[in-house]
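*Asks:* okay, structure incoming, though there's no sequence with it:
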Ligand SMILES: O=C1O[C@H](COP(=O)(O)O)[C@@H](O)[C@H](O)[C@H]1O
C-alpha cells in the first residue's frame, strides 16, 4: 500500500483529487469509462471541489455512493445532499453520471439489489475502477460500523445496517464489493483518527477498516 503524507488536510484534498483525475483519464483511455464510488462524512467535499475543476471527459465518469444514511431526499444528514451542494455551480451536473443510493425506497432490501444491478450494468465486464474510503475515529469505514451484522455480509455487494448508527440506519457497500474493486483510495485526515490510523496500518482486524486488503490500495493522509 502506497502512503502519501501531506502537511494539511487541504493539501490531502488537492492531491487526492489529482490522483482521482489521473485514474479517470487512465480508465477512460483503457476501457472508455471510469467507475468511481465516493464516501460520505465530512472529508470528501473539499477533494470533490478540487476534482470538479479538472478538465475531464465527465460524460464518461460514473459516480456511485459508498454509503448513505436512510433519510429523505435533501436532508442535511444525507451524503448526497453534501455531494450536490459541492457540485452546485460547477456546471458538471448535466455532464457527469451520478447514481444516488435509493435509500428512500420502501423496501430497502430490494433497493440494495437494484443498486448492485445498476453497478453491474454500468461497469460491465471491467472491475469497478476506484473506491474512495474514509475512516471514522472509531475505525469504521463506509458504513461498516463496529459490531453491526453488516460487517459479516458475504453474499451481497450492497446491504443495510441492522443497528442505528449516529441515529440512522445506513445503506453501504460491503466487504465483498470492496474486495473486487481494481483500486481502493483511502483519504484519512484529522488528529482524532491518529490512533485508529496506526491500528489500520498495523492490519488490526478488530476494527472495520483493518479488514480491508492493502493490495491495490493507496492512502492520502495528514497523519
Ligand atoms: O460516517 C461516515 O464516516 C466515514 C468517515 O468520514 P470522515 O469525514 O471522517 O472521513 C466516511 O468514510 C463514511 O462514508 C461516512 O458515511
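*Replies:* Structure received. This one's a predicted model, so the numbers in the text were calculated from it and none came from an experiment. Residues are numbered from 1 along each chain as shown.
*Asks:* and residue 219, that one's in a helix?
*Replies:* No. Counting by DSSP: H, G, I helix; E, B strand; the rest coil, residue 219 is located in no helix; its state is strand.
*Asks:* and this structure, which residues reach the ligand?
*Replies:* For the chain, the residues in contact with the ligand (CB under 6 Å from any ligand atom) are 39-43, 66-67, 134-136, 141-143. Where C-beta positions appear, they are placed from N, C-alpha and C, glycine not excepted.
*Asks:* quick check: residue 205 touching residue 214?
*Replies:* No. If you go by CB atoms under 8 Å, residue 205 and residue 214 don't touch, sitting 11.9 Å apart.
*Asks:* which of those two has more neighbours?
*Replies:* residue 214 (15 against 11; other CB atoms under 10 Å).
*Asks:* what sits against the closest residue in space to that one that isn't next to it in sequence?
*Replies:* Spatial nearest neighbour of residue 214, excluding adjacent residues (CB to CB, 6 or more residues apart in numbering): residue 1 at 3.9 Å. Applying CB atoms under 8 Å, 6 or more residues apart in numbering, we find residue 1 in contact with 214-215, 217-219.
*Asks:* of those, buried ones?
*Replies:* 217-219 (16 or more other CB atoms under 10 Å).
*Asks:* identify, from the residues you listed, the entry nearest to the ligand.
*Replies:* residue 219 (12.4 Å; CB to the nearest ligand atom).
*Asks:* does the closest one touch residue 2 like I think?
*Replies:* Yes. The pair residue 219 / residue 2 is scored as a contact, 7.2 Å apart, by CB under 8 Å.
*Asks:* chain neighbours aside, what residue packs nearest to residue 21?
*Replies:* residue 54 (4.1 Å).
*Asks:* check the secondary structure at that neighbour for me.
*Replies:* Taking three-state DSSP, the label given to residue 54 is coil.
*Asks:* neighbours of it, how many?
*Replies:* 15.
*Asks:* who are the neighbours in contact with it?
*Replies:* Residue 54 touches 17-18, 21, counting by CB under 8 Å, 6+ apart.
*Asks:* any chance of the backbone angles for it?
*Replies:* Main-chain torsions, residue 54, degrees, to the nearest 10: phi -80, psi 150.
*Asks:* before we move on, what about residue 171?
*Replies:* phi -100, psi 140.
*Asks:* count the residues that sit near it.
*Replies:* Using other CB under 10 Å, residue 171 is surrounded by 25 other residues.
*Asks:* please renumber the chain so that the first residue is 250 from this point on.
*Replies:* New numbering, starting at 250: the last item is residue 420.
*Asks:* residues touching it, list them.
*Replies:* By CB under 8 Å, 6+ apart, the contact list for residue 420 reads 316-317, 319, 350, 352, 357, 360-361, 364, 392, 407-409.
*Asks:* ok, which stretches of this structure are helices?
*Replies:* 258-280, 293-301, 328-336, 357-372, 424-429, 443-450 (DSSP state H).
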